[in-house]
Each structure stands twice: as structure tokens, then as C-alpha cells.
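Q: Sequence first, then the predicted structure:
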Amino acid sequence: MTKSLLLGAILGGLTAFIWSSISWEVLGWHEKPMLAFQNEDDVAAVISSHTPQSGIYLLPGAPAAGLTAEQKKAAQATQIAKMQKGPIVFAAVRTGGFGSYTRGLIIQLLSLMAAAALLTWLLLQTSGLSYARRVVFLAVVGLASSVIVDLPNWNWWGFSGGYTVVNLVDFTLMWLFAGFVIAKVAKSR
């Protein structure tokens, strides 16, 4: 089981990484649903001058801590009114920029290997599935992972339908392709 888990993690993670590279760098379908701000330099200047640190920012922001119950209720009512009016922004801000692209690629590869290890473990918990069904099982898990993350982002934060569909298809294909490899090397007892 340990050998299968290790092989699934490494080879499945590498396959997922290769697909991810093709998906983002060759197909270009992730960029199509993304929009650009008008006057990007002005927007960047405003963001830089109003974000004291890297992190997740929400507009309108949540009520401040330390309010009385009555103040909190009033602040929440104001927040709801602002959310209904818009704009709503959910943003990850890196005040210092991205940094090393190589470091990002290494972390991506290790992340996909960790995911492949988890999926290999899940597959090893099954029994009696043909090779094709093992591959489909992993593709469905990939789809499920995207549904768990991407549909709430579409629903709550306004991620576009196009962006959401691309992610749903991309994750399904990623784990389908990795599934071909993982299902081959993951031998249950």
C-alpha cells in the first residue's frame, strides 16, 4: 500500500501538474472569463494605499469587533444594504507582489502531489472496481472538489459563470488524466 500511495502521489501529481500547465499556459481558457480594471494603475494605487497588509479583503467589510449588540445589529443592517447595492469585492491582496515564479511552480507541484496522495488513498479504500471505473471515480472526485469550492464562490462572491464552468471542467479533466496514472499504480491489497 505504501508503494502504491507513493507512486500515486508522485506520478499522479506530476500528471496533474502537466495538465495544469497545458490548461493555463496553452489553452488560455482561464483568462477569457477574467476582466481587467479600467485605469489599472489608479486602481492598484488605491488598493496599495488602503491595504495595510497582505490578506483577504471584503467590500463591504464586516462590522468591527467590540461593538455592543445594538451597534453590531445596526452595522450588519448597513452591511447588508451595501451588499444589496454593490459593488461587492472579495479579493486576495499581496502587498509585496508575487515573488519567485519558480517557487510558485514548486509549491503548485507539491500541492498537486499532496492532492494525488489523498486521491490515491481514497482509491485504495475501494474494491472491485475495474480500471475504467477507478479512473472515473477519480474524475468524479475532481469534479466534486471543484463543486465544493467553485459553486459557493460563484454564488456568494460573484465569480462569473464562465470562470466557474472552466474550473469545473478543468478540475474534472485534471483528475481524469491523473486518474489514468493513479488507477494504474494504486494496487489495493
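A: That came through fine.
Q: Domain map for this structure?
A: What automatic domain parsing lists as the domains of the chain is 2-48+100-185, 55-93.
Q: wait, what's in contact with the nearest residue to residue 134 once chain neighbours are set aside?
A: Leaving aside its chain neighbours, residue 134 sits nearest to residue 183 (3.7 Å; criterion: C-beta to C-beta, 6 or more residues apart in numbering). Where you see a C-beta, it was placed from the backbone N, CA and C, and this is true even at glycine. Residue 183 makes contact with 123, 131, 134, 135, 138, according to C-beta atoms under 8 Å, 6 or more residues apart in numbering.
Q: so which of those is the most crowded?
A: Among the contacts of residue 183, the one with the most neighbours (other C-beta atoms under 10 Å) is residue 138, at 29 neighbours.
Q: Heading C-terminal from the helix or strand containing that residue, find the next helix or strand.
A: For residue 138, the host element (DSSP states H and E) is helix 131-157. Helices and strands here follow DSSP H and E; after helix 131-157, the next one along the chain is helix 161-185.
Q: That next one vs helix 131-157, what angle?
A: Compare the direction of helix 161-185 with that of helix 131-157 by axes from the mean of the first three to the mean of the last three C-alpha atoms, to 10 degrees and you get 150 degrees.
Q: can you give me the mean pLDDT across helix 161-185?
A: Helix 161-185 shows an average pLDDT of 96 in the prediction.
Q: cool, and stretch 96-114?
A: What stretch 96-114 shows for mean pLDDT is 91.
Q: Alpha carbons of that stretch, in CSV - could you do that?
A: The C-alpha trace of stretch 96-114 is given here as CSV (Å, rounded to 0.1, in the frame of the first residue of the first chain):
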residue,chain,number,x,y,z
GLY,A,96,4.6,42.8,-1.9
GLY,A,97,3.8,41.2,-5.3
PHE,A,98,4.1,37.6,-6.4
GLY,A,99,7.8,36.9,-5.8
SER,A,100,9.5,34.0,-7.4
TYR,A,101,7.7,32.2,-10.2
THR,A,102,9.9,29.1,-9.7
ARG,A,103,8.8,29.0,-6.1
GLY,A,104,5.2,29.2,-7.1
LEU,A,105,5.6,26.3,-9.6
ILE,A,106,7.4,24.2,-6.9
ILE,A,107,4.6,24.8,-4.4
GLN,A,108,2.0,24.0,-7.1
LEU,A,109,3.7,20.7,-7.9
LEU,A,110,3.9,19.8,-4.2
SER,A,111,0.3,20.7,-3.7
LEU,A,112,-0.8,18.6,-6.6
MET,A,113,1.3,15.7,-5.3
ALA,A,114,-0.4,16.1,-1.9
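Q: and it, which residues are buried?
A: For stretch 96-114, burial by neighbour count (16 or more other C-beta atoms under 10 Å) applies to 108, 109, 112, 113.
Q: Thanks a lot, catch you later.
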